[in-house]
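S.K.: give me coordinates for this.
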Amino acid sequence: MLLVILPACFTNNPYRSSESGRNIYYDTFFEEPKYFDPAVAYGVDCYIFICQIYEPVVQYHFLKRPFVLEPLTAERVPEPRLFDKDGMALPADAPAETVAKAVYEIRLKPGIRYQNHPCFARTAGGQYRWHLPPGQSFPTKIEHPDELLLSEPRASASGRLPDGRGSEPPSAREVLAEDYVYQIKRLAHPSLACPIAPVLVNYIAGFADFQKALADELGRVREERRKAAGVFYNQEADEKANPIYLDLRKFDLPGVQVIDALTYRITLTRKYPQFVYWMAMPFFSPIPWEVDRFYTQSAAAEQNITLDRFPVGSGPFVLAVNQPNYRMVLRRNPNYHPDTYPAEGSPGDEEKGLLADRGKTLPFLDEAVYTLEKESVPRWNKFLQGYYDTSGIASDMFDQAVRFQTEGAVGLTDSLRAQNIRLETAVAMVTHMYAFNMLDDVVGGYDEKKRKLRQALSIALNQEEYIQIFDNGRGVAAQSPIPPGIFGYQEGKEGINTVVYDWDEAAGAPRRKGLDVARKLLAEAGYPNGRDAAGNPLVIFYDTVAGGAGGKAYLDWLRKQFEAIGVQLQVRSTDYNRFQDKLVKGDVQFHSGGWLADYPDPENFLFLLYGPNAAVKSQGANAANYDNPRFNELFRRMENMSNSPERAALIREMLAIVREDAPWLWGHHPLDYGLYHEWYKNAKPVGFVGNTLKYKRVDPVLREECRKEWNQPIVWPLWAGLAVLIIGTIPAAIVIYRRERTCATASASSILSRNSKAM
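M.R.: This next block holds a predicted model:
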């Protein structure tokens, strides 16, 4: 027992001893990732990983703020050529209504290669080794597709195969223009249900017809299978065992065409400057037809080998371990193309040491190990012990990490500063809001009384108080849908929502209007003291998925906010799927939500209030079902404009309209807090940007020294316990010794007695 217990008492390291001192980054993830197919994945849980594996043609500069795009696999950031309906070229600033076609031509950098993967492996005769016919299986049970590479023939030292027919075929190939085109076609595949396909229908030429053609072909194949199988055909079971492969190269999409091996063209049916931001998202990463063919075969299906489990990309890392309920490991891609750390950044970056690695080859890390940590306490403790390189700050750990100084500045506690931990803060490009259903008989509508009712509730719900109680002060009360850092956001007095706030000249900050103003507006809306003309109380129904102890505290606070002006709030909790169904059907009255920027443009937030995007009308993202004709007109003019004073003026008018109409009860923009150990380098908050792992650098030697210092075993209780155990056995040993002596004496006496009688 001692041999088993003692070694465990001298270390609390959760990692293998073989990882000690290695160039590995350690972090956590909070939710099991569901998808790794870039046509389907659309969430933070997936983007943590796939943004390090796949490469779109452009990326956001790691250091520059405001965010700017730069080439990644493309030779330059694509710029559209505009044409009118007669095919005549137009200038870049041409009004959107004059543009009939916008053409993006993308030229790729040569020599970029995919990671090694069996989908590219060929026989000496040039045939794809692991593209098998239906019904044929892989030679053995495999855990990872890369295991199939071990089944390939190996060349001798002379570079000849055993049969003397030349070098071994490669298991990777160059990234080509056709791969980007193939992936865009996959976004229209009816079996994939790509979340942005409804948006692309409005922009890419021929996308809707292409979708229909694929759906028709898929329907034809299914009908053939049904007829062949007869009455007992089970479509779901059949396609799970033998997926339907549609070779998308055989279908023409007019708006996306290959020009040559490294050039392709995208044609939009209208001017849409924000489209270049879409090109920075994983949706527009390359997927070769070989990858699609490999995963859409029965041999892969029978072992649950899918693109959602084993991604294939050209990025700086490959997914080496995929255990979504425990551990994920990314490993350096040996085929990664030349890439370097930025040579310039934003003001202040040089002083912070963020340009110390300028010009150095990326990526810096050999591996990145992510551990699933759903509970905040063990995650926090392991960070303090040095086993995670970075950490956020959970609400229940806030007081252990942060203290507010007398001048209002945020600082770290003495214990964290003693460990040389650094704090970085930034306002997230996120807007949390409360939305009224504008189709509702009570809170909806556009007449003056309905506006005043919503304005009164907007004043009553104190976001500053919410931020202090539930977010430990980590947030900024929202003045509009647009968060800081996005074009159209205004600082200071000019940017406040004058319906809800007054400007405090002495403090130089907005001050929420008093509850007396809210009560006055409520009375003018027809609800003096929260009651209608018949004396009935005004009841607002709040639909939510909130639950648990934390949810109860929040809901109790929310009720008190409304009670302060005499309004009753009744909570209707439901599960997530039911809640989404109620949104689409318009069966909600008042609810909350949030939006994380897909790209840094005001259109990405203002479209949440654009009438044609209403949830009930078109299942769009406008969950408030807000539909103001003037706002819609201004949005159509603004959305396709480049940033300019004219665009800023349109945005100001749009914000004035929605502030007056109050379809949202304005919420807040979260403030991100990040903690970093001293061995972690190049820490800069990046918001929605995903492919940042390649810039991270750690000092494993310093980390190992700190871990040993912070995790010294406390062994005296062990020795004390051992001493107590030994001392405690002494009385027992004495008792046993005496008992044995007594028994031995009695036995000797008995023997002597018998011998005496015999004599």
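
S.K.: Asp575 against Val545, yeah?
M.R.: Yes - under the criterion of Cβ atoms under 8 Å, Asp575 makes contact with Val545 at 6.5 Å. C-beta here means a position set from N, CA and C on the backbone, and glycine is covered the same way.

S.K.: more neighbours: which of those two?
M.R.: Val545 (15 against 10; other Cβ atoms under 10 Å).

S.K.: residues in contact with the more buried one?
M.R.: With contact taken as Cβ atoms under 8 Å, 6 or more residues apart in numbering, Val545 is in contact with Ser573, Thr574, Asp575, Tyr576, Phe579.

S.K.: which elements pack onto the strand or helix carrying Val258?
M.R.: If you go by DSSP states H and E, Val258 is part of strand 256-260. Judged by 3 or more Cβ pairs under 8 Å, 6 or more residues apart in numbering; DSSP states H and E, the packing partners of strand 256-260 are helix 177-186, strand 263-268.

S.K.: could you rerun that using 10 Å?
M.R.: Under the contact criterion of 3 or more Cβ pairs under 10 Å, 6 or more residues apart in numbering; DSSP states H and E, strand 256-260 touches strand 101-107, helix 177-186, strand 263-268.

S.K.: for it, what is the distance to the chain centroid?
M.R.: 31 Å (Cα atoms, centre = their mean, to the nearest Å).

S.K.: for whichever helix or strand Glu239 is part of, buried residues please.
M.R.: Taking DSSP H and E as the definition, Glu239 sits inside helix 235-241. Neighbour-count burial for helix 235-241 flags Glu239 (criterion: 16 or more other Cβ atoms under 10 Å).

S.K.: contacts for that helix?
M.R.: 134-135, 191, 218, 221-222, 225-226, 229, 234, 244, 298, 301-302, 304 (Cβ atoms under 10 Å, 6 or more residues apart in numbering).

S.K.: might you list the low-confidence residue ranges for this structure?
M.R.: 1-10, 152-169, 405-408, 546-550, 743-759 (pLDDT under 70).

S.K.: just the CA atoms of the longest strand along it, as PDB, please.
M.R.: Counting by DSSP state E, the longest strand found in the chain is strand 664-676. C-alpha atoms of strand 664-676 as PDB (Å, rounded to 0.1, in the frame of the first residue of the first chain):
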ATOM      1  CA  TRP A 664     -35.200  46.300 -27.500                       C
ATOM      2  CA  LEU A 665     -34.700  47.000 -23.900                       C
ATOM      3  CA  TRP A 666     -31.100  48.000 -24.200                       C
ATOM      4  CA  GLY A 667     -28.800  45.600 -22.400                       C
ATOM      5  CA  HIS A 668     -25.000  45.600 -22.100                       C
ATOM      6  CA  HIS A 669     -21.700  44.800 -23.800                       C
ATOM      7  CA  PRO A 670     -19.600  42.400 -21.700                       C
ATOM      8  CA  LEU A 671     -16.000  43.200 -20.600                       C
ATOM      9  CA  ASP A 672     -13.700  40.300 -21.100                       C
ATOM     10  CA  TYR A 673     -11.100  39.700 -18.400                       C
ATOM     11  CA  GLY A 674      -8.100  37.500 -19.300                       C
ATOM     12  CA  LEU A 675      -5.400  36.200 -16.900                       C
ATOM     13  CA  TYR A 676      -2.000  35.100 -18.200                       C
END
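
S.K.: returning to that earlier point: could you dump the helix holding Glu239 to PDB, C-alpha only?
M.R.: The C-alpha atoms that make up helix 235-241 are tabulated as PDB, following Å, rounded to 0.1, in the frame of the first residue of the first chain:
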ATOM      1  CA  GLN A 235     -33.800   5.700 -45.700                       C
ATOM      2  CA  GLU A 236     -32.100   6.900 -42.500                       C
ATOM      3  CA  ALA A 237     -30.500   3.500 -41.800                       C
ATOM      4  CA  ASP A 238     -29.500   3.100 -45.400                       C
ATOM      5  CA  GLU A 239     -27.800   6.500 -45.700                       C
ATOM      6  CA  LYS A 240     -26.100   6.000 -42.300                       C
ATOM      7  CA  ALA A 241     -24.500   2.800 -43.500                       C
END
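
S.K.: ok so, going back, adding distance to Phe36, write the helices and strands packed on strand 256-260 out as CSV.
M.R.: Shown next, in CSV, are the helices and strands packed on strand 256-260 (distance: least, Cβ to Cβ, whole Å):
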stretch, distance to Phe36
strand 101-107, 24
helix 177-186, 14
strand 263-268, 24
